[in-house]
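Participant: sequence first, then the predicted structure:
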Number of protein chains: 2
Amino acid sequence: MTSASSSDNPLDEFSLIRRYFHHQPHHAGQGDSVSMGPGDDAAILIPPPGQQLVMTQDTSLEGRHFPADMAAADVGYRCLAVNLSDLAAMGACPLWFLLSLTLPEVDEDWLAGFSHGMFELADAAGIALVGGDITRGPLAVSIQATGAVPAGQALRRSGARAGERICLGGVTGAGLHGLHLWQQGRRDGPAIDHFRRPQPQLELGQSLRKRASACIDISDGVLADLNHVLDASGGLGAQLDEAALPLDAAILSDCDHQEQRRLQLQGGDDYVLLFTLATDEPIPAGCHVIGHIEEAPGIRLKTMAGEIRSLSAKGWQHF
Amino acid sequence: MTSASSSDNPLDEFSLIRRYFHHQPHHAGQGDSVSMGPGDDAAILIPPPGQQLVMTQDTSLEGRHFPADMAAADVGYRCLAVNLSDLAAMGACPLWFLLSLTLPEVDEDWLAGFSHGMFELADAAGIALVGGDITRGPLAVSIQATGAVPAGQALRRSGARAGERICLGGVTGAGLHGLHLWQQGRRDGPAIDHFRRPQPQLELGQSLRKRASACIDISDGVLADLNHVLDASGGLGAQLDEAALPLDAAILSDCDHQEQRRLQLQGGDDYVLLFTLATDEPIPAGCHVIGHIEEAPGIRLKTMAGEIRSLSAKGWQHF
């Protein structure tokens, strides 16, 4: 890791990095591709032969992407999870990440918690921290993550075709509902857990290589993210089946029917995969067919009553 | 590029990205390694065969790493330059970068200027923007840059040996002096130019592969960065020759002798390379031998009068 500026070192950046971010990976094989990690001007890395690389970067700001009173370990977990979910959506295996951490002050308890939560997920996912920096300012976490995929096999948003099935890797709505409950003062329960620690679907993404025609992760909500797929696939449309939308009643039990639908279709921050499959592809275990791709642009919902209603791509509020 | 959250889109992130950050590289060969740039969950990249990758990430905050009243084009140029300088210090050829931009509001003039300045340097350096995100918050620019180097040839901080010469790729002191002048209201002149638009020494770094035993870029000042090399090389020491310190009198003309020395030895943000060379290696054109590595730990200065004085690794103030 490198220092941004000599006048920027009241934190003693170097000792903080040594204390909290020099981490021995706990994962078989992890780190074999790291010739040199933090400590020089840059990391030196060995890309796996015959693979393409997949790169993403996401910044999370306190008060905007996570609440100011979220436990540091959850902040560390969540900020990495958001980036890993992008790798999952590409079908990639995680390799390396860099962390730019902006802190208002040196709070060693916070740093210990943050790094503990982050490395818990990093170890589980087999991704190694290889560099970054620490600066002083409003709390922000910017992570750049790199994964690998066999050449030509990365999943994209652009391959959906009319007639294909639209699938979800899990239930949606829990992330946004968890945020709502958090804002109401709740600190536990399954929706809160989804919100604090989203589970990037890395194994599912990898299993979809050469099978799914398009894939995206649900960060903006089913309607908005499905719309990204339809746009990227040449302006196609879709019909969703209300009766087929997966619902975890235990998670959304305190919502009325209308709010459940809104969360399922518009709730972001779920980080489950949405993907399209040709009709002869088997549905992966734990996944749900929620509709199909159509030639006609726009998204339609077949209601419980069998009626076909147009949905705005912008979301449920126009339904 | 990906959106961080559905509730985070008052900027209309996607159209801003399309308008200001979908850029056709103006560099022969640039972009050949980009299978897919911005627009999906992640970029898809083809690493050059037989090369290792070098990765760095640096965040620049308004008011901390650049002044609030610096022109947007200079902010874009400078924030990328700082990262390219880390690639230069490793001897790497630039390949790709990702940009996380945090903006307090959508100011299209500012965005146009920022992207213009950033792409001016990106095109000159042959590096392609492949992804990132835009979020709303206090102005911050987090860039992750990747370069390539033939396997085993990356320059490190750790290879210096006693007896070797210590070299600088250019004059130092101009970056910090430029900041001082800026704070006094000056907006032009050679020191201001160094400060606004540092020149990463990419060609010099590449030419030092298999020649320099250690290399670093001057971000913290000569004493602090030389100390990083000495530490990484097993606790060696160094003697610097005051008479040999390169001075651009035109740049530091308005400083007294003592302040000139302080800027030369402690001024950060110069982004020239400091490297060590065995005695039989020719000195690259434009570079300056400023001293030599010694077995005894610590940094010493041979003054103009021939006296040997100890310098604190922390810097000039203890001299």
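Facilitator: Sure, I can see it.
Participant: number of nearby residues for the residue in the stretch 151-300 of chain A that chain B sits nearest to?
Facilitator: The nearest approach of the stretch 151-300 of chain A to chain B comes at A:Gly268, 3.5 Å away (Cβ to the nearest Cβ). In short, each C-beta sits where N, CA and C put it, glycine included. By other Cβ atoms under 10 Å in any protein chain shown, 26 other residues sit near A:Gly268.
Participant: and it, what element?
Facilitator: Under the criterion DSSP states H and E, no helix or strand holds A:Gly268.
Participant: likewise A:Ser15?
Facilitator: Applying DSSP H and E, one finds A:Ser15 within helix A:13-21.
Participant: any idea how far B:Leu16 is from the residue of the stretch 151-300 of chain A closest to chain B?
Facilitator: Distance, A:Gly268 to B:Leu16, by Cβ to Cβ, to the nearest Å: 19 Å.
Participant: A:Asp41 now?
Facilitator: As judged by Cβ to Cβ, A:Asp41 and B:Leu16 stand 31 Å apart.
Participant: tally of neighbours for the nearest residue to A:Val75 once chain neighbours are set aside?
Facilitator: Nearest non-adjacent residue to A:Val75, counting by Cβ to Cβ, 6 or more residues apart in numbering or on different chains: A:Phe66, 5.4 Å away. Neighbourhood size, A:Phe66 [other Cβ under 10 Å]: 22.
Participant: can you check A:Leu121 too?
Facilitator: Counted by other Cβ under 10 Å, the residues lying close to A:Leu121 total 21.
Participant: any idea of the angle the helix or strand it falls within forms with helix A:13-21?
Facilitator: In this assignment (DSSP H and E), A:Leu121 forms part of helix A:108-125. Relative orientation of helix A:108-125 versus helix A:13-21 (axes from the mean of the first three to the mean of the last three Cα atoms, to 10 degrees): 50 degrees.
Participant: helix A:108-125 packs against which elements?
Facilitator: Contact partners of helix A:108-125 among helices and strands, from 3 or more Cβ pairs under 8 Å, 6 or more residues apart in numbering or on different chains; DSSP states H and E: helix A:13-21, helix A:72-89, strand A:93-103, strand A:128-136.
Participant: and A:Glu294, how far from B:Leu129?
Facilitator: Distance of A:Glu294 to B:Leu129, computed by Cβ to Cβ: 35 Å.
Participant: neighbour count for these two, which is higher?
Facilitator: A direct count of neighbours by other Cβ under 10 Å for A:Glu294 and B:Leu129 places B:Leu129 higher, at 25 against 17.
Participant: on that earlier part again, looking at A:Asp41 and B:Leu16, which is more packed in?
Facilitator: Between A:Asp41 and B:Leu16, A:Asp41 has the larger neighbour count (other Cβ under 10 Å), namely 28 against 18.
Participant: isn't that one right next to B:Ala89, touching?
Facilitator: Yes: contact status for A:Asp41 versus B:Ala89: in contact at 4.0 Å, counting by Cβ atoms under 8 Å.
Participant: shared neighbours of these two, anything?
Facilitator: Shared contacts of A:Asp41 and B:Ala89, defined by Cβ atoms under 8 Å, 6 or more residues apart in numbering or on different chains, comprise B:215-217.
Participant: mind listing what's buried along stretch A:41-59?
Facilitator: A:41-45, A:47, A:51-59 (16 or more other Cβ atoms under 10 Å in any protein chain shown).
Participant: for stretch A:275-288, same thing?
Facilitator: Quick answer for stretch A:275-288 (16+ other Cβ under 10 Å): A:275-277, A:281, A:284, A:287-288.
Participant: that one spans what distance, first to last residue?
Facilitator: Stretch A:275-288 has an end-to-end distance of 10 Å (criterion: Cα to Cα, to the nearest Å).
Participant: now do stretch A:201-210
Facilitator: 17 Å.
Participant: identify all contacting residues around that stretch.
Facilitator: Stretch A:201-210 is contacted by residues A:84-85, A:87-94, A:125, A:149-150, A:153-155, A:169-170, A:215, A:217, A:271-273, A:275, A:284, A:286-287 when judged by Cβ under 8 Å, 6+ apart.
Participant: kindly recompute the last result at 6 Å.
Facilitator: A:88, A:91, A:153, A:169, A:215, A:273, A:275 (Cβ atoms under 6 Å, 6 or more residues apart in numbering or on different chains).
Participant: give the contact list for the fifth one.
Facilitator: Applying Cβ under 6 Å, 6+ apart to A:Cys215 gives the contacts A:89, A:155, A:208, A:273, A:275.
Participant: again with the third one
Facilitator: With contact set as Cβ under 6 Å, 6+ apart, A:Gln153 has these partners: A:Arg209.
Participant: next, give phi and psi for it.
Facilitator: Here is the backbone geometry of A:Gln153 (degrees, to the nearest 10): phi -100, psi 0.
Participant: tell me the pLDDT at it?
Facilitator: Note on A:Gln153: pLDDT of 97.
Participant: ok, back up a step: in the helix holding A:Leu121, what counts as buried?
Facilitator: So helix A:108-125, judged by 16+ other Cβ under 10 Å, has buried residues A:110-111, A:113-115, A:117-125.
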